[in-house]
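**Q** no sequence for this one, just the structure:
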């Protein structure tokens with residue numbers, strides 16, 4: 001996919017509505033948090049969560065348990081401008097299945113950042129799955145070719161998350177920034193959404209005292 005926009009408009013299921021992200025876990029020792037989102041998918045549908053995409057290829061009866069089903073999914077890495085490293089895997093009900101950068105399914109190693117998917121069930125022709133991604137303080141990750149640095153994650157206690165700081169460079173391009181003569185570079189800027197203007201600050205009154 002070309003002309004992707006990173007996290008500028010997170011709409012993981014392409015329904016035109018920005019999706020909320022859930023806090024699914026805290027690891028204070030690693031200064032890390034687990035972010036997640038639950039998707040309800042039809043067969044053939046593609047969803048994206050941060051730097052990975054998942055397509056539901058089908059849902060089948062579990063040969064080891066007639067009461068359960070499993071989902072066959074295709075997974076891509078979506079950190080670059082073009083998606084890559086496509087793998088097809090079977091996703092069974094139960095615990096999450098972990099994937100590394102190359103989308104190799106396996107066991108999560110200590111300190112390793114991963115993307116993971118949990119198959120929650122199938123009903124009414126739709127599959128419900130939770131996508132997870134761990135983000136850690138000090139790391140850099142990419143979404144659709146846009147770079148995101150995480151300089152700080154504030155965890156006041158071992159069970160409390162306060163906020164996360166993301167920093168992204170302005171992507172190189174042609175032309176000028178606004179109406180100035182400065183060309184577009186990759187210098188860091190602070191991104192302030194247009195719908196969130198600066199608050200009005202009170203007038204500052206100076207009180208000066210002079211010694212006599």
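**A** Alright, I've got the coordinates. Nothing here was measured: the structure is a model prediction, and the numbers come from that model.

**Q** Report all helices and strands that the strand or helix carrying residue 118 contacts.
**A** Here residue 118 is covered by strand 115-123, with elements defined by DSSP states H and E. Packed against strand 115-123, as judged by 3 or more Cβ pairs under 8 Å, 6 or more residues apart in numbering; DSSP states H and E, are the following elements: strand 52-62, strand 65-77, strand 84-92, strand 97-99, strand 126-136. For the C-beta atoms, the positions are set from N, CA and C on the backbone; glycine is no exception.

**Q** what comes up buried for the second one?
**A** Yep, that's strand 65-77 we're talking about. Of the residues in strand 65-77, 69, 70, 71, 73, 75, 76, 77 count as buried by neighbour count, 16 or more other Cβ atoms under 10 Å.

**Q** what distance separates it from the centre of its chain?
**A** Relative to its parent chain, strand 65-77 has a centroid offset of 22 Å by Cα atoms, centre = their mean, to the nearest Å.

**Q** go on, stretch 89-104?
**A** Average the C-alpha atoms of stretch 89-104, do the same for its chain, and the two points are 17 Å apart (Cα atoms, centre = their mean).

**Q** same question for the helix or strand encompassing residue 150, mean pLDDT?
**A** With elements delineated by DSSP H and E, residue 150 resides in strand 146-154, which encompasses its position. Predicted confidence along strand 146-154 averages 90 (mean pLDDT).

**Q** can you give me the angle it makes with strand 126-136?
**A** Angle between the axes of strand 146-154 and strand 126-136 is 70 degrees (criterion: axes from the mean of the first three to the mean of the last three Cα atoms, to 10 degrees).

**Q** by contact count, what packs against strand 146-154?
**A** Short answer (3+ Cβ pairs under 8 Å, 6+ apart): strand 146-154 packs on strand 126-136, strand 140-143, strand 163-169.

**Q** For those, give me TSV that also has distance to residue 28.
**A** Formatted as TSV, the entries for those read as follows, by distance: least, Cβ to Cβ, whole Å:
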stretch	distance to residue 28
strand 126-136	11
strand 140-143	20
strand 163-169	14
